[in-house]
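**Q** okay, predicted coordinates and the sequence, questions at the end:
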Amino acid sequence: MIQINTLCDFINKKLNEMYLPENSDFLFEFYPDSGNYTPPVYEKNSNKVKKRVLGIVEVDSSSIVPTSNGLKIATQTLLINFAVKVFKDLGVEDSVREPIKAVSDFMSTAQTFTLPETLSEREIEYFVSMYGTQPSPGERVQHPQLGDSMAYSFYINFSFIENGMPSTAEETMPPA
């Protein structure tokens, strides 16, 4: 099925490109629990500093359901724990407002889409449905990379159908 690295890339891309305002100073960087942290790379001749939202993505539960017609159907629930830096001059509420709104908007409606994955040099397309929870606040912590931060967590539930099509698709079967 789809690898956790692919799902992390998808989540980061969606949050950064679609749910943050266009000129946002924030950047989501979620890593798989088995992945390696990558220090930030700064653009040359740029004085703009991004406020990084760091998180760890781990598989909470998963299942694969074989069907009699050969379709592969799987579910996977991801737990995302992340931290947002608290800036002294802004306070907690103003420091976390923009990234929390982005995650909340991302999780506010169920989504369906297709997602390709390459396994053993074979391209497989999955029909995916996704829904999740709203971010829940945790503790105020001293994060190794961020310093004074507020911790949050949320769940994303994915359902995958290998080479599948939803029953709500606009395409119809050809007449017999």
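**A** Perfect, I can see it now.

**Q** use CA for all of it now, contacts and neighbours both
**A** Will do.

**Q** show me what secondary structure element comes after the helix or strand bottoming out on mean pLDDT in the chain.
**A** Here the helix or strand of the chain ranked lowest by mean pLDDT, DSSP states H and E is strand 111-119, holding a mean of 87. Sequence order places strand 122-132 as the next helix or strand after strand 111-119, per DSSP states H and E.

**Q** what helices and strands are in contact with that following strand?
**A** strand 111-119, strand 147-162 (3 or more CA pairs under 8 Å, 6 or more residues apart in numbering; DSSP states H and E).

**Q** ok, 10 Å please
**A** Counting contacts by 3 or more CA pairs under 10 Å, 6 or more residues apart in numbering; DSSP states H and E, strand 122-132 packs against strand 72-85, helix 91-107, strand 111-119, strand 147-162.

**Q** N36: neighbour count?
**A** For N36, the neighbour count with other CA atoms under 10 Å is 8.

**Q** do the same with M150
**A** So M150, with other CA under 10 Å, has 22 neighbours.

**Q** helix/strand/coil for the spatially closest residue to it that is not a sequence neighbour?
**A** In space, and not counting its chain neighbours, M150 is closest to R140: 4.4 Å by CA to CA, 6 or more residues apart in numbering. Put simply, R140 is strand when judged by DSSP: H, G, I helix; E, B strand; the rest coil.

**Q** what pLDDT does K48 get?
**A** On pLDDT, K48 comes in at 67.

**Q** now swap in Y131 and tell me
**A** Model confidence at Y131 (pLDDT) stands at 96.

**Q** wait, doesn't it sit right on S104?
**A** No. Between Y131 and S104 there is no contact under CA atoms under 10 Å: 11.4 Å.

**Q** is it possible to get a markdown table of the helices and strands packed on strand 122-132 that adds distance to N12?
**A** Shown next, in a markdown table, are those (distance: least, CA to CA, whole Å):
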| stretch | distance to N12 |
| --- | --- |
| strand 72-85 | 12 |
| helix 91-107 | 11 |
| strand 111-119 | 14 |
| strand 147-162 | 13 |
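
**Q** so N5 versus E139, what's the distance?
**A** Going from N5 to E139 by CA to CA, to the nearest Å gives 27 Å.

**Q** give me the more crowded residue out of the two.
**A** Neighbour comparison, N5 and E139: the larger count goes to N5, with 16 against 10 (by other CA under 10 Å).

**Q** give me the number of residues near Q145?
**A** Neighbour tally, Q145, other CA under 10 Å: 12.

**Q** what of the one 3 residues further on?
**A** Other residues near D148 come to 18 when the count uses other CA under 10 Å.

**Q** which stretches of this structure aren't confidently modelled?
**A** Residue ranges of the chain with pLDDT under 70: 35, 37-48, 165-176.
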